[in-house]
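Undergrad: Have a look at this prediction, sequence included:
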Amino acid sequence: MKKAFFINGGAGRVLCSIPALEYYKEHTDPDVVIVSEAWHELFLSSKLRNNIWPVGSKELFKTVLKDREIISPEPYRLNAYFNQRVNLIQAFDMLINDVDEEVESKPINLDLGKADQIYGYNLVSQVKQQMKKDKVVVFQPFGSGVKIDGNFVFDESGRSFELSDVFRIVDDLSKDYAVILMTNLKIPTDRPMGAAIPEGASLLQWTGVVNAADYFLGCDSMGQHFAHALGKPATVVIGSTFPENISYPGNKDFTIIDNGKENRVYVPYRVTSDPASERHNEDNMILNDENYKKIMNSITDKLGKPSSAGSQLPLANNIKPNLFNTKKNKKVIGEK
């Protein structure tokens, strides 16, 4: 019996399901049905755009699902995953394609639409010009668990940067680089941020921004998966989760700083709930001086120090947009 795969969860999790599903389509069933319960738009930037159905599609059951076996792959409940032997991409691959845990992690191929590429190129160019810098760092400080209560920004899951560290990082980075904060959060502060904060950017527009930028800095959230897929150098800071599961230690362009390593009590997500351990992990993203220096040095080592700061610096690395680049899986504006 043919299968239909239901995919749910956050944007990073959905993105990590795509390589296994693309492989299944190519090697098992070209007409495979994928039902998106979240982040439908990510599938439109993949080879699966003609296989995807939003869960609310009219008569989906009657016309598509009735004669198929329905599968809801749950990578977080895979033994190899919660024992840190595979990452999220590999876990989906094991569940969807029945491969063993020795299989290499498949690449994520993001095929960006023209509009999203142009949005990212224009935004990055504008920010470089306004801030008189020749390099742009996209900084995603918060994951999906972040909350605001009055003037406080916090994340009980221990996955987001502390707001005080966000201010400090932006202050230091903005001395040498233009900074774009990847967030839709209205940060409750009257202090100047020293960073561009685009309002209302969509998920796919953010892929265009990460694509056009020079560097990515972030936490355990969707942005680091975009950076990995797009071949961008990145620094990723991990708190309450494991780098082996949710990031890319094998990526030579990634610097992964495991800030929670000495304090973390592992609570496998979607497997069990342990309020005491979860409370213990709340502070796992508070940066000590050593890890703060590692963050700043990792970025400087990749980007270098600007030779000067001023309006004479080039925009977008002196590269003009090429909307007609037809290289496979590399429709990238600004690619040399």
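TA: Good, I have the coordinates.
Undergrad: so where do the strands sit in the stretch 51-200 of the chain?
TA: For the stretch 51-200 of the chain, the strands defined by DSSP state E, counting those that start in this stretch cover 52-54, 69-71, 136-140, 146-149, 152-155, 178-181.
Undergrad: In CSV, list those along with mean neighbour count and distance to residue 172.
TA: C-beta coordinates here come from the backbone N, C-alpha and C atoms, glycine included. Below are the strands of the stretch 51-200 of the chain laid out as CSV (neighbours: other C-beta atoms under 10 Å; distance: least, C-beta to C-beta, whole Å):
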stretch, mean neighbour count, distance to residue 172
strand 52-54, 17, 42
strand 69-71, 12, 47
strand 136-140, 27, 11
strand 146-149, 14, 22
strand 152-155, 17, 19
strand 178-181, 25, 10
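Undergrad: Output the ones you listed as a markdown table; include the columns distance to residue 41.
TA: Formatted as a markdown table, those follow (distance: least, C-beta to C-beta, whole Å):
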| stretch | distance to residue 41 |
| --- | --- |
| strand 52-54 | 10 |
| strand 69-71 | 22 |
| strand 136-140 | 18 |
| strand 146-149 | 22 |
| strand 152-155 | 25 |
| strand 178-181 | 21 |
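Undergrad: and residue 269, what is it in contact with?
TA: Shown in contact with residue 269 (C-beta atoms under 8 Å, 6 or more residues apart in numbering): 76, 241.
Undergrad: again, but for residue 165
TA: Counting by C-beta under 8 Å, 6+ apart, residue 165 makes contact with 285-287, 292.
Undergrad: Please repeat the previous calculation with a cut-off of 10 Å.
TA: 141, 237, 259, 285-287, 291-292, 295 (C-beta atoms under 10 Å, 6 or more residues apart in numbering).
Undergrad: out of these, who's nearest residue 226?
TA: Nearest to residue 226 among these is residue 141, at 15.1 Å by C-beta to C-beta.
Undergrad: give me the number of residues near the closest one?
TA: For residue 141, the tally of surrounding residues (other C-beta atoms under 10 Å) stands at 29.
Undergrad: swap in the one 3 residues further on?
TA: Applying other C-beta under 10 Å, we find 15 residues neighbouring residue 144.
Undergrad: ok, now which ones touch the residue lying closest to it once chain neighbours are set aside?
TA: Using C-beta to C-beta, 6 or more residues apart in numbering and skipping residues adjacent in sequence, the residue nearest residue 144 is residue 10, 5.5 Å away. For residue 10, the contact set (C-beta under 10 Å, 6+ apart) comprises 16, 38-39, 143-145, 221-222, 225.
Undergrad: Can you tell me which of the strands of the stretch 51-200 of the chain is nearest to residue 203?
TA: Smallest distance to residue 203 across those (C-beta to C-beta): 12.2 Å, for strand 136-140.
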